[in-house]
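In: the following comprises the amino acid sequence and a computationally predicted model.
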Amino acid sequence: MTAAGYITDLDYIPGFYPHMSPTAMRYAASLNRVNPPKTADGFRYLELGCGLGRSLTTLAAANPQGEFLGVDINSRHIESIEKDISAGGLTNARAITSDFVSLSQDIGTFEFLTLHGVFSWVSPEVREQILALAKKHLAPGGLLLVSYNAMPGWAHLQPIRGILRQYAALRQGDTTQRIRDALNYLVFIRDKKAKYFEDNPRAAAYVDGLLKQDLRYLAHEYLNEHWTSFYFSEVASMFGTAEMSFVGSLPIHTNFWDLCVRPEFQDLFRTTSNRLVTESHKDFCANTAFRWDIYSKQPQIIENTEDRIDLIDGLFFRSIRDDVKLPHQVNLGVVTSTVQGPLYESLLSILSHESLSLPQILGHHQLTGNTPGDVIRAIDAGVAMGLFEVSANSVPGTKSAVHPPCFVSLPFNQSILKNDLLSGRPVSLASVATGTGHSLGDFDAAILHELTKAGEAGLADRVSARLADSKRSLQKDGKPVSDEATRQEMVEQACATFIKTSLPQLSRLGIVGREST
Ligand SMILES: C[S@@+](CC[C@H](N)C(=O)[O-])C[C@H]1O[C@@H](n2cnc3c(N)ncnc32)[C@H](O)[C@@H]1O
């Protein structure tokens, strides 16, 4: 069963995507010298094709001053979101069942408009509908985030989609059965060394990744009637027609070509300042397969780097951990880059204790002698290379120990912990401090749930009982653990590690509060 070629008889999987947070979009815009919408006093956020809505609801819980609207054609998706909204006590989120073309015209304008997992998977007509909606409903100066399968990274993988879809179409049964059969066929011809796989060893290896995926994800990725991987320039041209300009991309390091391509390509980038050209060079040199791009309608350009200081509010920076040592090396796909030097040493020492805004950082006595431009560049490069994190509000520095009893503050997080117990998928909890969600393995989430429900006494026994009731197995060296004593020992160790390591972090993010005793 499909609507405009998109499957509707099988629900998608719930997932939270941090790139969709206003904080991530605002920071990406500001580093590309585009003044982002202000958020402190409220904003409107629209997600088109919101699926099961985990990004929408988590962001609504993390940004109580924002108003969130999700739209999806699949009514079961919307019913599930409505349950999450009600269970989490969210008064600032709403979801409606509609296709894009019939969406009511009186929904107003939005400072943020997002679509993840939609643009490559719908027909050209539906893409036109999306562009028309964006043109009408994105507020001037607002930011739009679109993700899509990109070329040339998909070039050698495109036949995988063709094989899966064509084989599934020949099979009987429901969508789950047909994707399962198609996957088995793919593995069969890969293992028998069909010439396509022999000639494309990376495609052969890619099949192993597919085997680890949820069948619902695979059906939504590969079985829709439409499926297109775009060159960056094609998407920029479509959004250009809808009067929107390219701003930048996520993750943050993709805005720095020198972190994405090998140094021998630098002349391609140094000889042009045209961003539309450099993005294409980057995709060819890095073989990009997926893009998260930000567009804006009537972007307000920040003329000088230093002007960012006065214009941007609600962006705070802190070091990712308090024990980061320099030189810090990071490989973001193609090149290994190193962060070192006295300026970074000072920034790390300042930002491991507390998160600070740009004006606060620039006014810090430890940084006198550095120009604002140098400090801002170091912050941006540090975020790109994973040294610093960006948050919507000030977040305290690392807390040493947090002793239970403690509680989960937001009703939304409480309901997620309760309802997603040991689902086998990571759980994302909302933090008002950061304005985004933070992922926790489902096993750690079960420990947190038990800890906050009934305290530390007997914690491991209660978590073990939960495990026994669920279908979730504990793994050691990639194999399920069946021996009872080993299982108990592993659970006890996991509980102790959680209390020592994860609990202080969750407390710092305001996700866990400490009960006054
Ligand atoms: C791959 S899912 C992505 C869901 C969600 N954005 C996420 O990140 O988890 C794509 C969603 O777009 C919805 N969709 C597809 N075509 C649509 C249309 N024409 N109008 C409204 N929703 C549509 C589907 O029902 C599906 O839930």
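Out: Looks like it arrived, so ask away. Not measured: the values here are computed from a predicted model.
In: now for the protein: which strand has the highest residue count?
Out: Taking DSSP state E as the criterion, the chain has its longest strand at strand 138-149.
In: element containing the closest residue to the ligand within the stretch 251-400 of the chain?
Out: Nearest to the ligand, among the residues of the stretch 251-400 of the chain, is W292, at 11.2 Å (CB to the nearest ligand atom). Quick note: C-beta positions are derived from backbone N, CA and C, even for glycine. Following DSSP states H and E, one finds W292 within strand 290-296.
In: residues making contact with that strand?
Out: 19, 25, 28-29, 34, 116, 134, 138, 141-150, 153, 232, 235-236, 239, 244-251, 254, 283 (CB atoms under 8 Å, 6 or more residues apart in numbering).
In: count residues in the vicinity of the residue of the stretch 251-400 of the chain closest to the ligand, would you?
Out: Residue neighbour count, defined by other CB atoms under 10 Å, stands at 22 for W292.
In: excluding its backbone neighbours, what's nearest it?
Out: L250 (4.3 Å; CB to CB, 6 or more residues apart in numbering).
In: tell me who's in contact with that neighbour.
Out: Each residue near L250 by CB under 8 Å, 6+ apart is listed here: H19, A24, M25, A28, L145, W292, I294.
In: what's around the first one, how many residues?
Out: Residues within reach of H19, counting by other CB under 10 Å, total 19.
In: surely it forms part of a strand?
Out: No: applying DSSP: H, G, I helix; E, B strand; the rest coil, one finds H19 to be helix, outside a strand.
In: which one is it nearest to, not counting chain neighbours?
Out: L250 (4.2 Å).
In: any idea how far the one you found is from K195?
Out: Using CB to CB, to the nearest Å, one obtains 38 Å as the distance from L250 to K195.
In: check what pLDDT S423 gets.
Out: With respect to pLDDT, S423 scores 89.
In: and it, what does it touch?
Out: S423 makes contacts with D442, R472, as judged by CB under 8 Å, 6+ apart.
In: which element is the residue nearest to V207 when sequence neighbours are not counted on?
Out: In this structure, V207 finds its nearest non-sequential neighbour in R190, 4.9 Å apart by CB to CB, 6+ apart. Assessed by DSSP H and E, R190 sits inside helix 175-191.
In: now do the phi/psi pair for the residue nearest to W292.
Out: Backbone torsions of L250, given as degrees, to the nearest 10, read phi -130, psi 150.
In: next to the ligand, which bits of this structure? Give me the list.
Out: 4, 6, 12, 15, 17, 49-51, 55, 71-74, 77, 99-100, 116-118, 122, 126, 220 (CB under 6 Å from any ligand atom).
In: what about the residue nearest to H19, distance to the ligand?
Out: According to CB to the nearest ligand atom, to the nearest Å, L250 stands 14 Å off from the ligand.
In: pretty sure P152 contacts A286?
Out: No: using CB atoms under 8 Å, P152 is not in contact with A286, being 9.6 Å away.
In: what kind of secondary structure is the residue of the stretch 101-250 of the chain found nearest the ligand in?
Out: In the stretch 101-250 of the chain, the residue that lies nearest the ligand is G117 (3.3 Å; CB to the nearest ligand atom). Following three-state DSSP, G117 is assigned to coil.
In: what about it, how many neighbours?
Out: The burial count for G117: 18, using other CB under 10 Å.
In: who's in contact with the nearest residue to it once chain neighbours are set aside?
Out: Take G117 and drop its neighbours on the chain: the residue closest to it by CB to CB, 6+ apart is S147, 6.4 Å away. Going by CB under 8 Å, 6+ apart, S147 touches H19, L115, H116, G117, V118, F119, F290, R291, W292, D293.
In: quick one: L131 and Y17, what's the gap?
Out: Counting by CB to CB, the gap from L131 to Y17 is 21 Å.
In: okay, now S123: neighbour count?
Out: Neighbour tally, S123, other CB under 10 Å: 15.
In: the stretch 301-450 of the chain: strands as residue ranges?
Out: Assigned by DSSP state E, counting those that start in this stretch, the strands in the stretch 301-450 of the chain fall at 316-319, 328-331, 336-339, 356-357, 388-391, 406-408, 427-431, 436-440.
In: hang on, I meant the stretch 101-250 of the chain
Out: Under DSSP E, counting those that start in this stretch, the stretch 101-250 of the chain gives strands at 110-115, 138-149, 245-250.
In: the residue of the stretch 301-450 of the chain found nearest the ligand: neighbour count?
Out: Using CB to the nearest ligand atom, the point where the stretch 301-450 of the chain gets nearest to the ligand is S428, with a distance of 11.5 Å. For S428, the tally of surrounding residues (other CB under 10 Å) stands at 27.
In: please look at it and R54 and confirm they touch.
Out: Yes: counting by CB under 8 Å, R54 is a contact partner of S428 at 6.5 Å.
In: which residues do these two both contact?
Out: Common neighbours of S428 and R54 (criterion: CB under 8 Å, 6+ apart): F16.
In: ok, of the residues of the chain next to the ligand, which come out buried?
Out: With neighbours counted by 16 or more other CB atoms under 10 Å, the residues of the chain next to the ligand contain buried members at 4, 6, 12, 15, 17, 49-51, 55, 71-74, 77, 99-100, 116-118, 122, 126, 220.
In: I figured R26 hits L145, correct?
Out: No: contact criterion CB under 8 Å: R26 and L145 do not qualify, at 11.0 Å.
In: and the gap between the closest residue to K136 other than its chain neighbours and L133?
Out: Of all residues not flanking K136 in the chain, Q105 sits nearest, at 7.6 Å (CB to CB, 6+ apart). Distance from Q105 to L133, counting by CB to CB: 10 Å.
In: also S233?
Out: Distance, S233 to L133, by CB to CB: 22 Å.
In: start to end distance for stretch 358-375?
Out: 9 Å (CA to CA, to the nearest Å).
In: now that stretch: buried residues?
Out: Under the neighbour-count criterion of 16+ other CB under 10 Å, stretch 358-375 has L358, I361, L362, H364, L367, N370, P372, V375 buried.
In: centre of the chain to it, how far?
Out: Remark: stretch 358-375 is offset 30 Å from the chain centroid, using CA atoms, centre = their mean, to the nearest Å.
In: list the contacts of that stretch.
Out: 305-306, 308-310, 312, 315, 317, 343, 346-347, 349-351, 356, 376, 379.
In: tell me the buried residues within these.
Out: 305, 308-309, 312, 315, 317, 343, 346-347, 350-351, 356, 376, 379.
In: helices - which of the residues you listed land there?
Out: The helices, defined by DSSP state H, take in R308, I309, L343, S346, L347, I350, L351, I376, I379 from these.
In: what is the most widely separated pair among these?
Out: Spanning the widest gap among those are R308 and S346, at 19.8 Å by CB to CB.
In: any idea how far the closest residue to R26 other than its chain neighbours is from L223?
Out: The shortest distance from R26 to any non-neighbouring residue, by CB to CB, 6+ apart, is to P36 (3.8 Å). P36 is 37 Å from L223, where distance means CB to CB.
In: and V432, how many neighbours does it have?
Out: Residues near V432, counting by other CB under 10 Å, number 18.
In: phi, psi of it?
Out: In terms of degrees, to the nearest 10, the main-chain angles of V432 are phi -70, psi -30.
In: pretty sure it contacts A62?
Out: Yes: taking contacts as CB under 8 Å, V432 lies within contact range of A62: 5.7 Å.
In: so T58, which of the three states?
Out: helix.
In: my guess is it contacts P426, does it?
Out: No: using CB under 8 Å, T58 is not in contact with P426; the gap is 11.8 Å.
In: the more surrounded of these two?
Out: Just comparing T58 and P426: by other CB under 10 Å the higher neighbour count belongs to T58, 32 against 16.
In: and the more buried one, what is it in contact with?
Out: F16, F412, I416, S428, L429, A430, T436, G437.
In: and which of those is nearest A168?
Out: Checking the contacts of T58 against A168 by CB to CB gives F16 as the nearest, at 28.3 Å.
In: who's in contact with the closest one?
Out: By CB under 8 Å, 6+ apart, the residues touching F16 are R54, S55, T58, S428, G437, S439.
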